[in-house]
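Student: Here is a sequence with its predicted model. Questions after.
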Amino acid sequence: MRNSETIQMTHSGHKSLFTSKKVKYFKYYTNLLAEFKRAQTGYATIAIIGQSCIGSIAAMLLLMSDIQTAAMLTLLFLVTILCMAYNGAVLAQLKPKVVFNLLLLSVSFNILVIICSLF
């Protein structure tokens, strides 16, 4: 009984779709994190190059855009800080989970800025 797994059910008796998707994404995240931990030195080095390239593209597109100066400089500040935070975390040899989360945050924010700048 101790090792048995139960299926989480809603009050209606059906399995919740939200929890199953959440569990699926969490498993994917934990698999990626475990792989990152396994070879952190190599992945962090490659990720610095890729993440810096994505950040520089986001910065270039922000500077070329026609948005207001205050908004542009705020977004440019966030792009730069997130890129520097990841690079600093790698150099400071922080815990792999912190480094991985900063990588995901930086890349996702920079890609969002790139997509928004193109439209």
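Tutor: Looks like it came in fine. Residues are numbered from 1 along each chain as shown.

Student: wait, doesn't Ala89 sit right on Val99?
Tutor: Yes: counting by CB atoms under 8 Å, Ala89 does reach Val99; the two are 4.8 Å apart. C-beta coordinates here come from the backbone N, C-alpha and C atoms, glycine included.

Student: ok, those two, which is more surrounded?
Tutor: Set side by side, Ala89 and Val99 show more neighbours around Val99, with 23 against 20, by other CB atoms under 10 Å.

Student: Which helix or strand contains the most centrally placed residue in the chain?
Tutor: When the chain is reduced to its mean C-alpha position, the closest residue under CA atoms, centre = their mean turns out to be Leu104, at 1.6 Å. According to DSSP states H and E, Leu104 maps onto helix 96-118.

Student: helices and strands around that helix, which ones?
Tutor: Helices and strands touching helix 96-118, by 3 or more CB pairs under 8 Å, 6 or more residues apart in numbering; DSSP states H and E, are helix 17-38, helix 40-64, helix 69-91.

Student: Alpha carbons of that helix, as PDB, please.
Tutor: Coordinates of each C-alpha in helix 96-118 appear next as PDB, following Å, rounded to 0.1, in the frame of the first residue of the first chain:
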ATOM      1  CA  PRO A  96      22.800  24.000 -11.800                       C
ATOM      2  CA  LYS A  97      19.100  24.600 -11.200                       C
ATOM      3  CA  VAL A  98      19.600  28.300 -10.800                       C
ATOM      4  CA  VAL A  99      21.800  28.500 -13.900                       C
ATOM      5  CA  PHE A 100      19.200  26.400 -15.900                       C
ATOM      6  CA  ASN A 101      16.300  28.600 -14.800                       C
ATOM      7  CA  LEU A 102      18.100  31.700 -15.700                       C
ATOM      8  CA  LEU A 103      18.900  30.300 -19.100                       C
ATOM      9  CA  LEU A 104      15.200  29.500 -19.700                       C
ATOM     10  CA  LEU A 105      14.100  32.900 -18.400                       C
ATOM     11  CA  SER A 106      16.700  34.800 -20.500                       C
ATOM     12  CA  VAL A 107      16.000  32.800 -23.700                       C
ATOM     13  CA  SER A 108      12.200  32.900 -23.400                       C
ATOM     14  CA  PHE A 109      12.200  36.700 -22.700                       C
ATOM     15  CA  ASN A 110      14.600  37.500 -25.500                       C
ATOM     16  CA  ILE A 111      12.600  35.400 -28.000                       C
ATOM     17  CA  LEU A 112       9.400  37.100 -26.800                       C
ATOM     18  CA  VAL A 113      11.100  40.500 -27.500                       C
ATOM     19  CA  ILE A 114      12.200  39.400 -30.900                       C
ATOM     20  CA  ILE A 115       8.700  38.200 -31.900                       C
ATOM     21  CA  CYS A 116       7.100  41.400 -30.600                       C
ATOM     22  CA  SER A 117       9.700  43.500 -32.400                       C
ATOM     23  CA  LEU A 118       9.000  41.800 -35.700                       C
END
